[in-house]
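K.L.:
Dropping the sequence and predicted coords here.
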Amino acid sequence: MNIDGKAWRTIWLEQGGRSVGVIDQTQLPHRFSTRSLTTLDQAAEAIATMVVRGAPLIGVTGAYGLMLALQADPCDASLAAAFEQLNATRPTAINLRWALERVRDRVAPLPPAERAAAAAAEAAVIADEDVLMCEAIGAHGLELFRSIAAARPSERQHEPLNVLTHCNAGWLATVDWGTALAPIYKAHRTGLPIHVWVDETRPRNQGASLTAFELGREGVPHTVIVDNAGGHLMQHGLVDAVIVGTDRTTRTGDVCNKIGTYLKALAAFDNGVPFYVALPASTIDWTLADGVAEIPIEARSPDEVTLITGLSKPNAADSSADVLRCVQLTPAGTVGFNPAFDVTPARLVTGLITERGVAEASEAGLRSLYATESAGTDGAP
Ligand code: MRU
């Protein structure tokens, strides 16, 4: 994606491969800055504190984190400890474990001296594959958007397609393109008029800060709404489709995504609005059948609920005086609870948009696209 005319990915190698560059997402949308990760601890901290976030991107960061650990010490114990440290940073997104296992399984059989280079190569392949998968999701989603737009009544054909999204499943959440936002970028670039309702996505406001940042830089018309507005908009015919990403998808098609996604799915179901989930294969957990019962939900700090950060503008005439400030929302001492994700059951999902096409949100639907990957998992024929 382009920022001020320069093409960016969200993660890259620097200093001849001794350092990993990332965009610091905790500073967006107010400051665009990058960070260099040179140690395992820095990579783990970047994931845990959400300097990098989004399921596919934390997977790739984890993969490069293993590379950094092996550059420092390539022995078996170092590999095992780094795997555990990185895997513990965020428990919900399956992409993290998937990418760590891929790198570990690639390097473990090698002599220690060859491991760091092999980890770098495997991490680069994972990153490149992510870009290709996301672009393919974009192409399949675009076809879907075209058919939803064409099916609208003739008096609404001149209106842009109104799509609602939750959280940030854009290029900042992946290596490039994004999952849920990829079809939106494809639509915009190919001239399908589109407008995006952006859920602010409390408590960390990934919609208001990151999705709005991305769409603005790409010139896609969008409007930020409070999380509670979506149902009202759907009741009044102002949403043609909902599209979100996912951090973990069970083999039965349950999807786990940012907290609040389930409520949007319920509202969409009640109003006959199609609810689509966009995902690469790396997000499917073939070992799980019941998302609500089995997917671990990350509980983050209550401070993310009781405090909020934004740009303070003490002097309207002088933007150089603007500072990022954290302020308290609740009475001092108020207790907060902060589950970061929820599960939307497959029955509420209209379809899964993958890099291989659109599948029904069901075990049969996913197996029809991923026969090889799903072979041998529970319930397989
Ligand atoms: O807590 P975050 O910001 O990492 O959560 C991100 C999401 O919930 C995304 O929707 C999900 O990772 C899919 S991203 C392609």
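P.N.:
On my side now, so go ahead.
K.L.:
Residue 21: helix or strand, and which one exactly?
P.N.:
Element membership for residue 21, per DSSP states H and E: strand 19-23.
K.L.:
Residue 70 too?
P.N.:
Going by DSSP H and E, residue 70 is in helix 55-72.
K.L.:
buried stuff in that helix?
P.N.:
Buried residues in helix 55-72, counted by 16 or more other Cβ atoms under 10 Å: 55-71. For the C-beta atoms, the positions are set from N, CA and C on the backbone; glycine is no exception.
K.L.:
and the ligand, which of those reach it?
P.N.:
By Cβ under 6 Å from any ligand atom, the members of the buried residues of helix 55-72 lying near the ligand are 55-56.
K.L.:
coming back round to it: can you list the strands that the strand holding residue 21 pairs with?
P.N.:
Applying DSSP bridges to the sheet, strand 19-23 is found paired with strand 11-14 (antiparallel), strand 34-37 (antiparallel).
K.L.:
which residues touch the first one?
P.N.:
Under the contact criterion Cβ atoms under 8 Å, 6 or more residues apart in numbering, strand 11-14 has outside partners 19-22, 36, 52, 57, 60-61, 64, 120, 124, 127, 175.
K.L.:
Looking at these, which is nearest residue 137?
P.N.:
Nearest to residue 137 among the contacts of strand 11-14, counting by Cβ to Cβ, is residue 175 at 12.8 Å.
K.L.:
Now for that closest one: which residues touch it?
P.N.:
Residue 175 neighbours (Cβ under 8 Å, 6+ apart): 9-11, 56-57, 60, 127-128, 130-131, 134.
K.L.:
what do you get if the cut-off is 10 Å, keeping everything else the same?
P.N.:
With contact set as Cβ atoms under 10 Å, 6 or more residues apart in numbering, residue 175 has these partners: 9-12, 54, 56-57, 59-60, 126-134.
K.L.:
That one in helix, strand or coil?
P.N.:
Three-state assignment for residue 175 (DSSP: H, G, I helix; E, B strand; the rest coil): coil.
K.L.:
Check which helices and strands the helix holding residue 70 is in contact with.
P.N.:
Secondary-structure packing of helix 55-72 (3 or more Cβ pairs under 10 Å, 6 or more residues apart in numbering; DSSP states H and E): strand 11-14, strand 19-23, strand 34-37, helix 40-48, helix 76-87, helix 94-107, helix 112-150.
K.L.:
Can you get me a residue count around whatever residue of the stretch 151-300 of the chain ends up closest to the ligand?
P.N.:
Of all residues in the stretch 151-300 of the chain, residue 245 sits closest to the ligand, at 2.7 Å by Cβ to the nearest ligand atom. By the criterion of other Cβ atoms under 10 Å, residue 245 has 30 neighbours.
K.L.:
you'd agree it is up against residue 181?
P.N.:
Yes - between residue 245 and residue 181 there is a contact under Cβ atoms under 10 Å: 8.4 Å.
K.L.:
which residues do the two both contact?
P.N.:
Counting by Cβ under 10 Å, 6+ apart, the contacts common to residue 245 and residue 181 are 137, 165, 168-170, 173-174, 278.
K.L.:
ok, and which of the residues you listed reach the ligand?
P.N.:
Okay, of the shared contacts of residue 245 and residue 181 touching the ligand (Cβ under 6 Å from any ligand atom), that's 169, 173-174.
K.L.:
Widest-spaced pair of the shared contacts of residue 245 and residue 181?
P.N.:
Greatest spatial distance among those (Cβ to Cβ): 137 and 168, at 15.2 Å.
K.L.:
Nearest the middle, which residue of the protein would you pick?
P.N.:
The chain has residue 54 as the residue nearest its centroid, 3.3 Å off, counting by Cα atoms, centre = their mean.
K.L.:
Tell me the spacing between the residue lying closest to that one once chain neighbours are set aside and residue 43.
P.N.:
Distances taken as Cβ to Cβ, 6 or more residues apart in numbering place residue 173 nearest to residue 54, at 2.3 Å, with adjacent residues excluded. Taking Cβ to Cβ, to the nearest Å as the measure, residue 173 and residue 43 are separated by 17 Å.
K.L.:
could you list every residue that touches residue 31?
P.N.:
24, 311, 322, 324.
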